[in-house]
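Next one to model:
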Amino acid sequence: AAGARATIIVPITATGPGTASIIATLKGPGDMILDQDYVLGVLPGNPMVTRRTTMSLAAEGGALTLTKDLMAEMLPGTASVALSVSPLPELDVAGLVRDLDRYPYGCSEQTVSRAMPLLYLSDLGLDSGAIDGELNERMQTAVARLVNRQSGSGAFGLWSAYGDDSSLWLSSFVTDFLLRAREKGFDVPEDVLVNGIDYIRNMVGNAPDIEQGAGQDTAYALYVLARAGRAPVGDLKYLVDTKLEDFGSPLARAQLASALAMLGDTERARIAFDSATEALGEAVESNDRGWRSDYGSVLRDASAILALATDAKAGPQVIRTAMSAIEVERARSRYASTQEMSWMVLAARAIAAEAKTIRLEVNGVETAGTLNRVFRENELSRDVRIGNKGVTPLRAVVAVSGSPLVAEPASTNGLVVERKYFTAAGEPADINNVKQNTRLVAVLSVSPASGGAQNGNFLLVDTLPAGFEIENPALVASGSTASMAWLSDTTWPNYTEFRDDRFVASFVQSSAKLAYMVRAVAPGTYAHPGAFVEDMYRPEFNARTATGTVVVTAP
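Residues are numbered from 1 along each chain as shown. Here you go, the predicted model:
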């Protein structure tokens, strides 16, 4: 009737991931027609996981077959299978590139770690189909993000250009990537490179004397300056002659060695590589999992040393030691950080010569050398058979990735995370029965488990059920909880994101409490993924709450 209002309930059930389009049409008197388009993103209720399996291929006839049954436990539309056959199966390039490509967060370190391997896809036998999106667009997006995080001094911040989270090591890592990207023909603003290199040169020139166990940032800076043709040769030689054993990581010593090799000083380069090799062996034996300011680990150092040593044509002992360390460290944990994964990909590129004797047959077509392939679901509509035609036994890594049909259980690995909901007055809320338009406060508490991490670079992710939307980002961003006396002990995070589908926060102490406000906006029954926290550079320290369900009812 004229002036009347009506509510029409249209039930919608998600049947698969993707983007759904709904068109509502209202017809009136005569020829009047009004259309309204609605676009709904449909995401998996369970986060992506990767299952890796190593299989043996006997010499002269050993084979394996990839079938669509490998993806049976994954939600259709989310699954893929990565296959790598190489001299060092711990460096399963196809799976590493795919996992980096799908990593959803983007501090400056993570942005570089995701983009660096993309510079060398063709060297690794991967085509652009191994990643989502177009390669050039992906690279330019990464460069643009980094450009926006460079301060007036030339330094690069971790999350922005204006915070206090920049460092010489991080700026060297970003500048290293930008130099490599320009070498590969991608568009990098000249002033950004010049300012970055000038900042590094000034920091090296004003750096204090190297203390025992330190100097990782100075070593990387000198390597980048050598790559840019701006290295202070006298300082570099002095440090290797007098301070080499003081540098606090195997990688730092290898970076000094690689810088000297670029300058043609092969003898000092050999001495520095020998020192790096000795330090790497000690690090493997000690199995130290402590926090490091250079985002590193023994696995990262070993992978980077392998990449640098091969480029610098170091002795075979350096390469053998690095490969052995990668084998040991990869076996110690099924987790890997973005920093580790990126350098493992570069390490795999470095040992391509070792793969010359590999002879394979893929569905009747013979290939030589390393095999790295990512198979999408439609590509396994028919079986793929891989046979070993060579005289040496091989190992293949098959990595199945996707959103599992059965949710991962709650877990505690060195960290504990808890999620609760409250009313604005501080009363516990039941999310199994929430009235539409109700405002709730989500409170997330993180603490170290027995023997867990105390300090680090922690990332907390709380994925929203589709019926909730974040209501007041300022509650966390400004720490403004004065109107909620019951919520007085929240942590000030280094960084926060308030996305349509999740809340993200970064902090450095493992004891933390964060809160944000949500509103129940749409009646329905929704999957409620678990909240997840991890130390980004020691990802074996992590925790997850259980997956659940949220029910929003009409008022």
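
from memory Ser80 sits against Glu377, does it?
Yes. Under the criterion of C-beta atoms under 8 Å, Ser80 makes contact with Glu377 at 7.1 Å. Using the backbone N, CA and C atoms, a C-beta is placed for each residue, glycine as well.

ok, which stretches of this protein are helices?
93-101, 108-115, 135-147, 168-183, 190-205, 216-227, 233-242, 250-262, 266-286, 298-311, 316-332, 338-350, 474-477 (DSSP state H).

For Ala449, which of these is the nearest?
Nearest to Ala449, of all those, is helix 316-332, at 18.6 Å by C-beta to C-beta.

just checking, what packs against that closest one?
helix 266-286, helix 298-311, helix 338-350 (3 or more C-beta pairs under 8 Å, 6 or more residues apart in numbering; DSSP states H and E).

Just send those helices back as a markdown table, with mean neighbour count and mean pLDDT too.
A markdown table is the format used below for the helices and strands packed on helix 316-332 (neighbours: other C-beta atoms under 10 Å; pLDDT from 0 to 100):
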| stretch | mean neighbour count | mean pLDDT |
| --- | --- | --- |
| helix 266-286 | 19 | 96 |
| helix 298-311 | 27 | 94 |
| helix 338-350 | 26 | 94 |
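
Would you mind saying which of those lies nearest Pro17?
Nearest of the helices and strands packed on helix 316-332 to Pro17, taken as C-beta to C-beta: helix 338-350 at 23.6 Å.

looking just at contacts, which helices and strands does that closest one meet?
helix 93-101, helix 108-115, helix 298-311, helix 316-332.

can I get those helices in TSV with distance to Ala272?
Formatted as TSV, those follow (distance: least, C-beta to C-beta, whole Å):
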stretch	distance to Ala272
helix 93-101	28
helix 108-115	24
helix 298-311	11
helix 316-332	10
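
Need the winner for burial among the ones you listed.
helix 298-311 (a mean of 27; mean count of other C-beta atoms under 10 Å).

Report the angle between it and helix 266-286.
Here the directions of helix 298-311 and helix 266-286 differ by 160 degrees (axes from the mean of the first three to the mean of the last three C-alpha atoms, to 10 degrees).

contacting residues around helix 298-311?
91, 249-251, 254-255, 257-258, 273, 276-277, 280, 283-284, 287-288, 314, 318-319, 322-323, 325-326, 329-330, 336-337, 339-340, 343-344, 346-347, 349-351, 353 (C-beta atoms under 8 Å, 6 or more residues apart in numbering).

Tell me what the closest residue in space to Ile470 that isn't next to it in sequence is bridged to.
Nearest residue to Ile470 in three dimensions, chain neighbours excluded: Phe498, at 4.9 Å (C-beta to C-beta, 6 or more residues apart in numbering). Under the criterion DSSP bridges, Phe498 forms beta bridges with Phe503.

Comparing Ser80 and Glu377, which residue is more hemmed in?
Neighbours were counted for Ser80 and for Glu377 using other C-beta atoms under 10 Å; Ser80 has more, 23 against 16.

Retrieve the pLDDT associated with Arg538.
pLDDT recorded at Arg538 is 92.

for it, phi and psi?
Note on Arg538: its backbone torsions stand at phi -140, psi 70 [degrees, to the nearest 10].

what's the distance between it and Ala214?
The spacing between Arg538 and Ala214, counted by C-beta to C-beta, to the nearest Å, is 20 Å.

Looking at those two, which is more packed in?
Ranked by neighbour count (other C-beta under 10 Å), Arg538 and Ala214 place Arg538 first, with 23 against 17.

ok, the more buried one to Ile326 distance?
17 Å.

Name the helix or strand of this protein that has the lowest mean pLDDT.
Ranked by mean pLDDT, DSSP states H and E, the weakest helix or strand in the chain is helix 474-477, scoring a mean of 52.

Pull the number of nearby residues for the nearest residue to Leu280 once chain neighbours are set aside.
Leaving aside its sequence neighbours, Leu280 sits nearest to Pro250 (C-beta to C-beta, 6+ apart; 3.9 Å). Neighbour count for Pro250, taken as other C-beta under 10 Å: 28.

need the contact list for Pro250.
Ala276, Thr277, Ala279, Leu280, Ala283, Val298, Asp301, Ala302, Ile305.

Columns distance to Tyr526 on top of the helices and strands packed on helix 316-332, output as CSV?
Output for those, formatted as CSV (distance: least, C-beta to C-beta, whole Å):
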stretch, distance to Tyr526
helix 266-286, 46
helix 298-311, 38
helix 338-350, 30
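
Tell me which of those helices sits nearest to Ala161.
helix 338-350 (20.8 Å).

Now do the closest one against helix 250-262, angle only.
Helix 338-350 and helix 250-262 are oriented at 40 degrees to each other (the same axes, to 10 degrees).

ok, now how distant is the residue nearest the centre of the chain from Gly41?
Central residue of the chain (C-alpha atoms, centre = their mean): Thr338, 3.8 Å from the mean position. Going from Thr338 to Gly41 by C-beta to C-beta gives 25 Å.
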